Each structure stands twice: as C-alpha cells, then as structure tokens.
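Undergrad: Take this sequence and fold it.
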Amino acid sequence: MTRPSGISRTFAELIVDTTWERLPERVRHEAKRSILNFMATALAGCREDAVEHTLASLAAFSGVEQATVIGRTERLDALSAAFLNAASGNVFDFDDTHLRTVIHPTAPILPALFALAELRSVSGRELLLAFALGVEIECRVGNAISPEHYARGWHITSTCGCLGAAAAAGKLLSLDADQLIWSLGSAATQTGGLVECLGTPAKSLSVGNAARNGLWSALLAERGFRGPPAPLEGKQGYFNALAPSAPDWSALTRELGETWELLQNTYKPYPAGIVVHPVIDAVLALRQEHVLAPDNIERIVVRGHPLLAARTDRPHVTSGREAQVSVQHSVAAALLFGEACLAQYTDTCVRDPAALALRAKVQVERDAGIAVEAAALRIEMKDGTVHALAVPAARGSLARPLSDSEIEEKLHRLAAGWCPTHDVQPLIDAVWALDRAADAAAVPRLTVPTI
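TA: Have a look, this model is predicted:
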C-alpha cells in the first residue's frame, strides 16, 4: 500500500464523531480494567527514587496546586502531575502491555486525562471514552511502525503515547477536527524516548513527557495554537521521521471505529519486561514439580522470540531497575525464591551471590518461530537430568488473561506494600463505577492516604 493521505484528519474525525453510545460494552469494561491496573502500578511506583527526584525538581517550579499526585499528599500544576503519575505508573515495568507493539498504553494517556479532569468538570463516561480513543490512536500508530521502530531504538510507549495523550485530551476538551490535528502536530514534534534508557531512571523522563506533552498539546490547540495540516503523514512528518521505510499503512485505518485496540491490552503478574513473563512462568512451574538445587544446575537455556534476546539478554545487571529487563536475573530470582515480585527486582537481590552465580548459567537463544508471548526453558542438571517446559502463552496474555479479581488483588497487594494502612477498596469500587460518576477526578483523589 502506498503512503496514504489524510491520516491525521481521519484520526481527528474519528475522535470527534465517536460517542459513548458507539463504544462497545467490552471496550468500556476493558478501559476500567486498564485504569484499575494503572492505579496498582502507580501506587507501587509513587515513592520510587526516580519519582522522588523528579518530584523534587518539578515542585521547585510548580507554583499552583491543581492536580493530585497519585498516592501522595503533594499537589502540583496539572502538567507536572501528569508527568509524575505517568512515571509512577511505568517505573517498575509492571503496567499494561499491548503485545503486538509492546506499548504500555495507559501510562502516557490516563495521567493526562486525570490531570485535565481536575482542571475542568469531567464525567466518568467522558473520561472513559477519551481514554479508549487515545489508546486507539496510540496503538494503531504503533501497529503501523512495529517492530522496526522499536528495533531502531525508539521507546515506542513514549513516541506513540504522546500522540495518544494528545488525542485523548483533545476529546476531553471537545476540540474540533482542525484543533485535534493541531494537537497531534504539537505532540508529534515533542515526541521522543530511547530504548537505550531502559534500565535507568532516564526511562521515566520520556514516559512522563509523553503524558505532559500530550496534555499540553491539546491545551495549546484549544487556544488556537496551530500546527501543520498533516503532521503524521506529511512529507517530513512523524512517519517520515520516526517510522520504518515501509510502514503497514493499512494498520492505521483497517476497520477503524469497528475494532478496538484496547481489547488487545494485557496485564502483568510480574514486574518485568513482558517478553520475560513466559520464561518466569516456566521457571515457577518447573520449580514446583522438581527439586532444582542451584548448586546442581549445570546450564539453563531460554529459547524465545528474537525480541526476548533483543530486550532482555542482560546477564551483567547491577541494579534492580536493570534486572527488570534481564531474563538472566528473572530466571535466577524465580529459581531461588519461588516468586517474581518487587522484592526480586531490588538492588539487594541483584547483588545476592546466589543470584549472581545462577545468572551466569543462563543462555538465551533466538527462535523466530516462537510467539512473543511464548518461550521454552531447558534446565540441565549436573547429574545429566534435563527438565524442560514450553509455555505457549504467558499468564496475563490474551490467551491467559488476568481476571478482574486478579487485577483487584494486584492493587491490594501493591498498595499494602506501599502503605499498609491505606484502604484501597473505595478506589476499586470507584473505578468499576466510573461510567456512573459525575466527577472523574474523584478517582485519583482516592489514592491519597488519609492517615
């Protein structure tokens, strides 16, 4: 398919024309699941070091208390709150994942909408609809440019997320089609983020900026701040600058308005890169069935989709943050402790001599015939015994999705680890009832402990 014209306007008209009534019930429910999952990961991350540092920096320049910082008593200007909440939700790599693109859809979009809801009067239905449309734009752009865009070094959550945030915030502001194109243009010129930053605090900058810049782009467009007429498909626009030589143009408009990318969203049971999840599943299953004494293990072979090696073949990690994108550490920690929770991705666990010794035994093999959500594990013991298991679909994937109750349990567990005295049940109830809420901003406020 040749490069199409009018993509920016097509997206803008979709955003303008789509009403709550046109949003399928399944999509409405999935939006709530995504929000609930985000609240869990944001509460877990709201006091992580990277968030503390950025909060201290931004607070020095924030002269107005407009919006909630999730899980904290501080209130900042709306743009800074959007930045911090996006960073909190994504910092532990525990947030949702759109598997085809490995975009984390919610972190760049929802914080922009919650911040805007504290500036304007916004109902829960309005927020849910805007959120679904933002995810649609974000992930359709990602579908068109994957996987080469990521392979080139662009952090796709940030580069596509900024567009999604601009689209969603524009819907919430009731922008017309021209204004939405301007919003997408301002977002497109502010997008960025490098894969090289994964495993370091710098990763959070581009995710936070995606939310902040997307919100700002919509607010600018509301004021008449103009942009190019074709920011996405223009001769020197977004796709020309950031996309591969042959994007899948059909992915942008195929069944647009009929199918919804939000239904392709998945939720993580482990705080690690999504491609590591089937490997962790395999380790935990084999550990439960067999005695796998670390000293008696000769070699561990992990075989998976090439993206597994590209993203997580990192045997020499030195921090918990790096460990989240290390398949070697994930295997070692799961074998040693029988679980893969936040405690297994700390600096202390990374420095554990037993974990260090096991990481050295893990080898990674690429197999293009294995799906991204699948993996095969082979553990060779020193006595010649071999234990092997293939996982066709990881827990939390589309084939094995987390249930509503499992997402609720994730929120309870992560909130208890952060603030044991804070009751999050009212927050959970408010998210499930969001389509009946007159004030969407009440939801982020419920994340702030009253004790």
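Undergrad: count of neighbours near the closest residue in space to A323 that isn't next to it in sequence?
TA: Of all residues not flanking A323 in the chain, H329 sits nearest, at 4.1 Å (Cβ to Cβ, 6 or more residues apart in numbering). For glycine as for every other residue, the C-beta is placed from the backbone atoms N, C-alpha and C. Around H329 there are 31 other residues, counting by other Cβ atoms under 10 Å.
Undergrad: so where does H329 fall, helix or strand?
TA: Mapping H329 onto the secondary structure by DSSP states H and E places it in helix 327-337.
Undergrad: I'd like to know which elements that helix is packed against.
TA: In terms of contacts (3 or more Cβ pairs under 8 Å, 6 or more residues apart in numbering; DSSP states H and E), helix 327-337 is packed against helix 277-289, strand 297-304, helix 306-312, helix 320-323, helix 347-351, helix 353-359, strand 362-366.
Undergrad: Out of these, which gets nearest to E138?
TA: E138 lies closest to helix 306-312 among the helices and strands packed on helix 327-337, at 19.3 Å (Cβ to Cβ).
Undergrad: The stretch 101-250 of the chain: helices as residue ranges?
TA: With DSSP state H, counting those that start in this stretch as the definition, the stretch 101-250 of the chain shows helices at residue ranges 106-117, 124-145, 148-151, 156-172, 177-188, 203-222, 238-242, 250-253.
Undergrad: Of these, give the one that comes closest to V27.
TA: Closest approach to V27 among those is made by helix 124-145 (5.5 Å; Cβ to Cβ).
Undergrad: Give the other helices and strands that that closest one contacts.
TA: Packed next to helix 124-145, using 3+ Cβ pairs under 8 Å, 6+ apart, are helix 7-17, helix 25-45, strand 97-98, helix 106-117, helix 156-172, helix 238-242, helix 250-253.
Undergrad: in terms of contact, does D439 touch S121 like I think?
TA: Yes - the pair D439 / S121 is scored as a contact, 7.4 Å apart, by Cβ atoms under 8 Å.
Undergrad: which one of the two has more residues nearby?
TA: In this comparison of D439 against S121, neighbours counted by other Cβ under 10 Å, the higher total goes to D439 at 14 against 10.
Undergrad: Distance check, S403 against L55.
TA: 34 Å (Cβ to Cβ, to the nearest Å).
Undergrad: which of the two has more neighbours?
TA: Neighbour comparison, S403 and L55: the larger count goes to L55, with 23 against 10 (by other Cβ under 10 Å).
Undergrad: which residue sits farthest out from the middle of the protein?
TA: Among the C-alpha atoms of the chain, the one most distant from their mean position (Cα atoms, centre = their mean) is that of D383, at 42.4 Å.
Undergrad: can you dump the C-alpha coordinates of stretch 370-387 into PDB?
TA: C-alpha atoms of stretch 370-387 as PDB (Å, rounded to 0.1, in the frame of the first residue of the first chain):
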ATOM      1  CA  ILE A 370       8.100 -18.700  18.800                       C
ATOM      2  CA  ALA A 371       5.500 -16.100  19.500                       C
ATOM      3  CA  VAL A 372       6.400 -13.000  21.700                       C
ATOM      4  CA  GLU A 373       4.100 -14.300  24.500                       C
ATOM      5  CA  ALA A 374       5.700 -17.800  24.400                       C
ATOM      6  CA  ALA A 375       9.000 -19.300  25.500                       C
ATOM      7  CA  ALA A 376      10.800 -22.600  26.100                       C
ATOM      8  CA  LEU A 377      13.000 -23.400  29.000                       C
ATOM      9  CA  ARG A 378      15.600 -26.200  29.500                       C
ATOM     10  CA  ILE A 379      17.400 -26.800  32.800                       C
ATOM     11  CA  GLU A 380      20.300 -29.200  32.600                       C
ATOM     12  CA  MET A 381      21.400 -30.700  35.900                       C
ATOM     13  CA  LYS A 382      25.000 -31.800  36.700                       C
ATOM     14  CA  ASP A 383      23.800 -35.400  37.000                       C
ATOM     15  CA  GLY A 384      22.600 -35.400  33.400                       C
ATOM     16  CA  THR A 385      18.900 -34.900  34.200                       C
ATOM     17  CA  VAL A 386      17.100 -32.500  32.000                       C
ATOM     18  CA  HIS A 387      13.900 -30.600  32.900                       C
END
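Undergrad: What mean pLDDT does that stretch get?
TA: Per-residue pLDDT values over stretch 370-387 give a mean of 95.
Undergrad: next one: stretch 436-443
TA: If you average the pLDDT over stretch 436-443, you get 98.
Undergrad: ok, and for that stretch, which residues are buried?
TA: Using 16 or more other Cβ atoms under 10 Å as the test for burial, stretch 436-443 gives A437, A440, A441, A442, V443.
Undergrad: likewise stretch 279-298?
TA: V279, I280, D281, A282, V283, L284, L286, R287, L292, I297.
Undergrad: start to end distance for that stretch?
TA: 18 Å (Cα to Cα, to the nearest Å).
Undergrad: so how far is L219 from the residue sitting nearest the centre point of the chain?
TA: Residue closest to the average C-alpha location in the chain (Cα atoms, centre = their mean): H104, at 2.2 Å. Distance, H104 to L219, by Cβ to Cβ: 23 Å.
Undergrad: do T385 as well
TA: Computed with Cβ to Cβ, the distance linking T385 and L219 is 63 Å.
Undergrad: Quick check: chain neighbours aside, which residue is closest to L284?
TA: Counting by Cβ to Cβ, 6+ apart, A334 is the residue found nearest to L284 once chain neighbours are left out, at 5.7 Å.
Undergrad: before we move on, back to that, so can I have a markdown table of the buried residues of stretch 279-298 showing distance to R378?
TA: Supplementary listing: the buried residues of stretch 279-298 in a markdown table, determined by distance: Cβ to Cβ, whole Å:
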| residue | distance to R378 |
| --- | --- |
| V279 | 11 |
| I280 | 15 |
| D281 | 15 |
| A282 | 9 |
| V283 | 11 |
| L284 | 15 |
| L286 | 10 |
| R287 | 14 |
| L292 | 12 |
| I297 | 11 |
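Undergrad: And the residues you listed, which two are furthest apart?
TA: The span of those, defined through Cβ to Cβ, is set by D281 and I297 at 18.4 Å.
Undergrad: what's the distance between the spatially closest residue to G304 that is not a sequence neighbour and S397?
TA: Beyond its immediate neighbours in the sequence, the residue positioned closest to G304 (Cβ to Cβ, 6+ apart) is A375, lying 4.1 Å away. The gap separating A375 from S397 is 11 Å, by Cβ to Cβ.
Undergrad: how much does the helix holding H329 deviate in direction from strand 362-366?
TA: Going by axes from the mean of the first three to the mean of the last three Cα atoms, to 10 degrees, helix 327-337 is angled at 130 degrees with respect to strand 362-366.
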